[in-house]
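Trainee: Predicted structure and sequence below. I'll ask about it afterward.
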Amino acid sequence: MATVDDAKLHIAMFPWLAFGHFIPFLEVAKLLAQKGHQISYISTPHNIDRLPKLPPSLSPSIHFIKLPLPQVQHLPENAEATSDLPYDKIPYLKLAYDGLKDSLMKFLETSHPDWLVYDFVPYWLPPLAQNLGIPNAFFSIYFANALCMLKPTSPLLSEIVDDRKNPEDFTVPPKWISFPSPVAFRLFEVNRIFDEVTGVDSQVSVLDRCEGVLRGCDAIFPRGCWEFLPEYSHLLQELHQKPVIPVGLLPPTYEAINDNDQPWRSMKEWLDKQEKGSIVYIAFGSEAKPSQEEVTEIALGLELAGLPFFWVLKTQLGLADSEVITLPEGFKERNKGRGWVWTSWAPQPKILSHDSVGGTLTHSGWGSVVEALMNERAVILLTFLSEQGLNARILEEKKMGYSIPRNENDGSFTREAVAKSLRLVMVEEEGKVYRDKAKEMKGLFGDRDLQDRYTDNLIMYLKNHRNQKTRDS
């Protein structure tokens, strides 16, 4: 009979339909598989087909389960991820995701996993898992600071009322954060997401989805570690009276991209010609698409800054997106040799690890921030959606990132502000604090031994609280 220590686990994972969620879930899957455990990674066919290829050594341990996405009204055909859709169509993708409930339940009934790990969207999943006798956890790709913006679900704190009704209410830390905290949105940030967060057109709001997941899960697995923002992890535990098991910072395991593979070969040849630490890398994740006005100001700001750059530019969010972004007339010609604009997928970890890159202009998503800091790249911030503003407040406070100045009401910014911010962080003496902080944080954000210890701790928790029926078999 296998002991708890040497028993192998079967863990089912069900991420939200966004590449900013697929990749962290896949990173955790790979870390668990490296330790000998079996993973069922559940998503839709087109999304699974677009994931990075697994190392051959892990292929036998990670099984991709394809569940066809139901068609719903107003959701464009073949759109299976947020990157396939303009922002105003995302609510329909959530409805389709909810429609996976029956096929997911059939899989769980027949596969009997030891654990089910899911995202913030499926508020209906915790009771389903409990009815099947499957221990289940909410894996948050967000750090605990963002989760602490959500109201407590513990019955011990039932006297705390969440009376936030207007966008302005989210521009200050919530009443249940009991220590000094910068965690709040700026007005333009919350205005951009307010309808989705609080509910529109009778849709289930983001707040309600998160509350259902937090209330029903057996444990919370946030991205992060006790060495960074521990006060928020402790508070998260108090707010929900549930185990909080950080999964680590998740520095990426590099994909096997051969130096002779295109398009990386062409990118590397260009990067190799640039001076060490001179390039600013610009990318805003899989979901954020700056407006035409914003792209114009960024582009002309890059010209004013005079720095070499590599820009991964998203011009369209799927075929249903009618607003195709263009660069200012003559921009590419004027910046030929000094800058590279790339409009499709790019191997971001490989680019950020190249010696020629000195900093990055990013949307503040933790995946990109981790990749930057583990490579000692200075960070310039330009938020767009989701929890990005909450991340930016932490990075600003700790001098780990510098935000481009913006209009508080509408979030607009100027080319001059872009140029000044880039030069400040990349080359000027005044911004040396940001460059020094990036070097300092590599010791934490790039510590793979630390990540390994968090993976072992997670596995120990999963083993000690696994499915009782499976343990006894």
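Mentor: Good, I have the coordinates. The structure presented is a predicted model; accordingly, all values stated were derived computationally and were not measured.
Trainee: Now do the contacts for the nearest residue in space to residue 419 that is not next to it in sequence.
Mentor: The shortest distance from residue 419 to any non-neighbouring residue, by Cβ to Cβ, 6 or more residues apart in numbering, is to residue 304 (3.6 Å). Placement of C-beta: from N, CA and C, glycine included. When contacts are counted by Cβ atoms under 8 Å, 6 or more residues apart in numbering, residue 304 is found next to 415, 416, 418, 419.
Trainee: Relative to residue 359, how far out is residue 304?
Mentor: 16 Å (Cβ to Cβ, to the nearest Å).
Trainee: so how far is stretch 296-314 from its chain's centroid?
Mentor: The chain centroid and the centroid of stretch 296-314 are separated by 24 Å under Cα atoms, centre = their mean, to the nearest Å.
Trainee: same question but for stretch 223-243, I mixed them up
Mentor: Here stretch 223-243 is found 18 Å from its chain centre; the criterion is Cα atoms, centre = their mean.
Trainee: how about that stretch: buried residues?
Mentor: By 16 or more other Cβ atoms under 10 Å, the buried positions in stretch 223-243 come out as 223-225, 228-229, 232-233, 235-240, 242.
Trainee: Of those residues, which is the nearest to residue 311?
Mentor: residue 223 (26.6 Å; Cβ to Cβ).
Trainee: for the stretch 201-350 of the chain, what are the low-confidence residue spans?
Mentor: Residues of the stretch 201-350 of the chain that meet the criterion pLDDT under 70 lie in 201-202, 254-260, 319.
Trainee: In it, mark out all the helices, start to finish.
Mentor: Secondary structure of the stretch 201-350 of the chain by DSSP state H, counting those that start in this stretch: the helices cover 206-216, 230-240, 264-272, 292-305, 331-334, 348-352.
Trainee: Sketch out the helices for the stretch 351-473 of the chain, chain order is fine.
Mentor: Under DSSP H, counting those that start in this stretch, the stretch 351-473 of the chain gives helices at 366-373, 388-397, 415-426, 432-445, 448-464, 468-472.
Trainee: which of those is buried the deepest?
Mentor: Most buried of the helices of the stretch 351-473 of the chain by mean neighbour count (mean count of other Cβ atoms under 10 Å) is helix 366-373; its value is a mean of 24.
Trainee: tell me which strands and helices that helix is in contact with?
Mentor: Helices and strands touching helix 366-373, by 3 or more Cβ pairs under 8 Å, 6 or more residues apart in numbering; DSSP states H and E, are helix 19-34, helix 348-352, strand 357-362, strand 378-381, helix 388-397, helix 432-445.
Trainee: Where among the ones you listed is average confidence lowest?
Mentor: Lowest mean pLDDT within the helices and strands packed on helix 366-373: helix 348-352, at a mean of 92.
Trainee: Please enumerate residues in contact with that helix?
Mentor: Residues contacting helix 348-352 (Cβ under 8 Å, 6+ apart): 252, 254-255, 257, 264, 267-268, 271, 281, 283, 310, 312, 357, 360, 368, 371-372, 375, 377.
Trainee: Can you say which of those are buried?
Mentor: 252, 257, 264, 267-268, 271, 281, 283, 310, 312, 357, 360, 368, 371-372, 375, 377.
Trainee: related to what we said a few turns ago, of all the helices of the stretch 201-350 of the chain, which lies closest to residue 127?
Mentor: Counting by Cβ to Cβ, and looking across all of the helices of the stretch 201-350 of the chain, nearest comes helix 206-216 at 5.9 Å.
Trainee: Tell me the buried residues in that closest one?
Mentor: 206, 207, 209, 210, 211, 212, 213, 214, 215, 216.
Trainee: got the contact list for it?
Mentor: With Cβ under 8 Å, 6+ apart as the criterion, helix 206-216 contacts 94, 118-127, 130, 136, 138, 147, 150-151, 153, 193, 196-199, 220, 240, 242.
Trainee: now those: which count as buried?
Mentor: Buried members of these, scored by 16+ other Cβ under 10 Å, are 94, 118-126, 136, 138, 147, 150-151, 153, 193, 196-199, 220, 240, 242.
Trainee: Dump the buried residues of stretch 223-243 to CSV, plus distance to residue 55.
Mentor: Formatted as CSV, those follow (distance: Cβ to Cβ, whole Å):
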residue, distance to residue 55
223, 22
224, 25
225, 24
228, 28
229, 31
232, 33
233, 31
235, 37
236, 33
237, 35
238, 39
239, 38
240, 36
242, 34
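Trainee: quick one: which of the residues you listed is nearest residue 325?
Mentor: Closest approach between the buried residues of stretch 223-243 and residue 325, by Cβ to Cβ: residue 223, at 29.9 Å.
Trainee: Isn't that closest one up against residue 366?
Mentor: Yes. Here residue 223 reaches residue 366: they are 6.2 Å apart, a contact under Cβ atoms under 8 Å.
Trainee: shared neighbours of the two, which are they?
Mentor: Common contacts of residue 223 and residue 366 (Cβ under 8 Å, 6+ apart): 141, 142, 143.
Trainee: Nearest to residue 443 among those?
Mentor: Nearest to residue 443 among the shared contacts of residue 223 and residue 366, with distances taken as Cβ to Cβ, is residue 143, at 18.3 Å.
Trainee: Tell me, how many residues neighbour the closest one?
Mentor: By the measure other Cβ atoms under 10 Å, the count of residues near residue 143 is 26.
Trainee: so it makes contact with residue 391?
Mentor: Yes. Using Cβ under 8 Å, residue 143 is in contact with residue 391, at 7.3 Å.
Trainee: Please identify every residue contacting each of those two.
Mentor: Residues touching both residue 143 and residue 391 (Cβ under 8 Å, 6+ apart) are residue 366.
Trainee: For residue 185, the count of nearby residues, please.
Mentor: Neighbour count for residue 185, taken as other Cβ under 10 Å: 26.
Trainee: and the gap between it and residue 269?
Mentor: Note on residue 185: its distance to residue 269, by Cβ to Cβ, is 42 Å.
Trainee: do the same with residue 43
Mentor: From residue 43 across to residue 269, the span is 35 Å (Cβ to Cβ).
Trainee: Between those two, tell me which one has more neighbours.
Mentor: More crowded of residue 43 and residue 269, by other Cβ under 10 Å: residue 43, with 28 against 10.
Trainee: ok, that one touching residue 63?
Mentor: No. Between residue 43 and residue 63 there is no contact under Cβ under 8 Å: 11.9 Å.
Trainee: Name the SS class of residue 64, please.
Mentor: Here residue 64 is strand, with the state taken from DSSP: H, G, I helix; E, B strand; the rest coil.
Trainee: confidence score at it?
Mentor: For residue 64, the pLDDT comes out at 98.
Trainee: What residues are bridge-paired with it?
Mentor: Counting by DSSP bridges, residue 64 is bridged to residue 41.
Trainee: Give me the neighbour count for it.
Mentor: Residues near residue 64, counting by other Cβ under 10 Å, number 18.
Trainee: who touches it in this structure?
Mentor: Each residue near residue 64 by Cβ under 8 Å, 6+ apart is listed here: 41, 43, 48, 51.
Trainee: Look at the third one and report its pLDDT.
Mentor: Reading off the per-residue confidence, residue 48 sits at a pLDDT of 97.
Trainee: Quick check: chain neighbours aside, which residue is closest to it?
Mentor: Counting by Cβ to Cβ, 6+ apart, residue 48 lies nearest to residue 64, which is 4.7 Å off, once chain neighbours are set aside.
Trainee: any idea how far residue 360 is from that neighbour?
Mentor: The gap separating residue 64 from residue 360 is 31 Å, by Cβ to Cβ.
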